[in-house]
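1. got a sequence here, can you model it:
(chains A, B, C and D)
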Number of protein chains: 2
Amino acid sequence: MDNLALPASKPTLKRLPKFYQYLTKLRAAGRSNISCTEIAREFRLDPTQVRKDLAITGSVGRPRIGFDVVTTLKSIESYLGWDNANDAFLVGAGHLGAALLGYEGFAQNGVNILAAFDCDPAKIGTTIHDKPVYDMEKLFDLASRMHIQIGVLTVPGGAAQEVANMMVLAGIKAIWNLTPVWLDVPDEIIVENVELSASLSVLSSRLAEALRN
Amino acid sequence: MDNLALPASKPTLKRLPKFYQYLTKLRAAGRSNISCTEIAREFRLDPTQVRKDLAITGSVGRPRIGFDVVTTLKSIESYLGWDNANDAFLVGAGHLGAALLGYEGFAQNGVNILAAFDCDPAKIGTTIHDKPVYDMEKLFDLASRMHIQIGVLTVPGGAAQEVANMMVLAGIKAIWNLTPVWLDVPDEIIVENVELSASLSVLSSRLAEALRN
DNA sequence: ATTAAATCGAGAAAGATTTATCGATTATAT
DNA sequence: ATATAATCGATAAATCTTTCTCGATTTAAT
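-> Residues are numbered from 1 along each chain as shown, chains lettered A, B, ... in the order given. Sure thing, here's the model as predicted:
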């Protein structure tokens, strides 16, 4: 398992999980192989694009046959690092946090949420979707002692930077940021922003434009 | 109000709301103007990029002074169509749906959620964050009669396509899709996908790569 | 066995986005 | 008043991403 792993562009990284999900469905339906052409049709992409994306994961296809479904699933899993999951803490057990605690996508994406943290006494000590909710105060201590690598940030915007700082101090390497706040963290910390506001804005302005014409 | 509105690229459309949020903070702090250089520093972007983005909205700056905060906020609002909000229905009042019903970002982004729909009898008839929850059965009827333009999709993946079809039939023009499912809808329907899974996957694979080195 | 059709992989071309360059403008300091 | 430094706007260059082209490969049909 040498894992030379070519670097993929962000767009590629975003398409691969979609292919994965689609391939999973195919496997369940008993399909043993699939062509790039067909995957491309499903997602309205260019077949070459799909081929290039899959090539990065190390998958190889055969003319007239396509790609083996099971092998390709394994290639994607391995390329994306889903085969050895990283432990994560979630901070902010509000509605969004609770939604994410019940999100089955974590396990599938190589992320293993161990616990949630909040400062609301009503939530501390309870469990949400079987995950314990601890006092915010314990975050630093637990995260550093358990060598947690990923932090999921679902606190209100006002607290985001402060919590992020704490995560960094506690040794967390990557932050999945679901707040609308741009986080100021050291360069070596990986931050992925889920910009709900930005996405909504794209929708609303595209609609506004469509309605003008 | 001629609104010739130059078309913006998607990246631009995603950056503008960030600038907006930042400018809002500046306004609250009493700042009257800001340079592209400073905005760029805040978001680690190229100053020219920021200038181009703002230029699209019609904002003009002055050398040595920068952009007027209040005027620029107005330009962005107007460019993104936030000044005349579109009505929306949300379908799927689970945790994620509930989180979004309480999300103050909608109003700010030109989207006005009027109601939620669900098929769970325990939820039907209640309100969540002051929004009524109606029976799914009523979606088509209400959406078509009220000329709802935006649908927010937070149902489980398995129901996504079916609900999307119903939205389209009811005359909805734009779908904000928070399910991991790729929706097959007519070309003229605007779909914005919030790919939680994809975003998480980017995080986890970037972390996997960082840990390899 | 031969032909035809589908698909692959590699590389070139096109398109989109970001970054760099440069002259013009304007507040601030001398 | 003049010089200086910051910033703007426009254009050009560079980079990144997607799409196109084409020869090679492989199954299925004749």
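
2. C-alpha from now on. contacts and neighbour counts both.
-> Will do.

3. what residues sit buried inside the longest helix anywhere in chain A?
-> Secondary structure of chain A per DSSP state H: the longest helix is helix A:10-28. Residues A:12-24, A:26-27 are the ones in helix A:10-28 that count as buried (16 or more other C-alpha atoms under 10 Å in any protein chain shown).

4. of the residues you listed, list those near chain B.
-> Counting by C-alpha under 8 Å from any C-alpha of the partner chain, A:Leu13, A:Lys14, A:Arg15, A:Leu16, A:Pro17, A:Lys18 from the buried residues of helix A:10-28 sit close to chain B.

5. what residues are up against the second one?
-> Looking back up the chat, that one is A:Lys14. By C-alpha atoms under 8 Å, 6 or more residues apart in numbering or on different chains, A:Lys14 lies in contact with B:Ala198, B:Ser199, B:Ser201, B:Val202.

6. tell me the spacing between it and B:Lys131.
-> 33 Å (C-alpha to C-alpha, to the nearest Å).

7. also the fourth one?
-> Going from A:Leu16 to B:Lys131 by C-alpha to C-alpha gives 37 Å.

8. the last one now?
-> From A:Lys18 across to B:Lys131, the span is 32 Å (C-alpha to C-alpha).

9. let's test this: mean pLDDT of the longest strand along chain A, rounded?
-> Longest strand in chain A, counting residues (DSSP state E): strand A:111-118. Mean pLDDT, computed over strand A:111-118, is 95.

10. possible to save the contacts of A:Lys14 as CSV with neighbour count and pLDDT?
-> Formatted as CSV, the contacts of A:Lys14 follow (neighbours: other C-alpha atoms under 10 Å in any protein chain shown; pLDDT from 0 to 100):
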residue, neighbour count, pLDDT
B:Ala198, 23, 87
B:Ser199, 22, 90
B:Ser201, 27, 86
B:Val202, 27, 89
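
11. which two of the residues you listed have the greatest separation?
-> Largest separation among the contacts of A:Lys14 by C-alpha to C-alpha: B:Ala198 and B:Val202, giving 6.2 Å.

12. can you tell me how far A:Gly158 sits from DNA strand D?
-> Taking C-alpha to the nearest atom of the strand, to the nearest Å as the measure, A:Gly158 and DNA strand D are separated by 27 Å.

13. a strand runs through that residue, doesn't it?
-> No. Counting by DSSP: H, G, I helix; E, B strand; the rest coil, A:Gly158 is located in no strand; its state is helix.

14. contacting residues for it?
-> A:Gly158 makes contact with no residue under the criterion C-alpha under 8 Å, 6+ apart.

15. again, only using 10 Å
-> Shown in contact with A:Gly158 (C-alpha atoms under 10 Å, 6 or more residues apart in numbering or on different chains): A:Thr179, A:Pro180, A:Val181.

16. restrict the residues you listed to those near chain B?
-> Checking those against chain B by C-alpha under 10 Å from any C-alpha of the partner chain, the ones in range are A:Pro180, A:Val181.

17. those residues of chain A touching DNA strand C, which are they?
-> Applying C-alpha under 7 Å from any atom of the strand, one finds that chain A approaches DNA strand C through A:34-38, A:47-48, A:51, A:55, A:59-67.

18. from A:Met166, how far off is the residue nearest the centre of chain A?
-> Central residue of chain A (C-alpha atoms, centre = their mean): A:Asn109, 6.1 Å from the mean position. In this view, A:Asn109 and A:Met166 are 25 Å apart by C-alpha to C-alpha.
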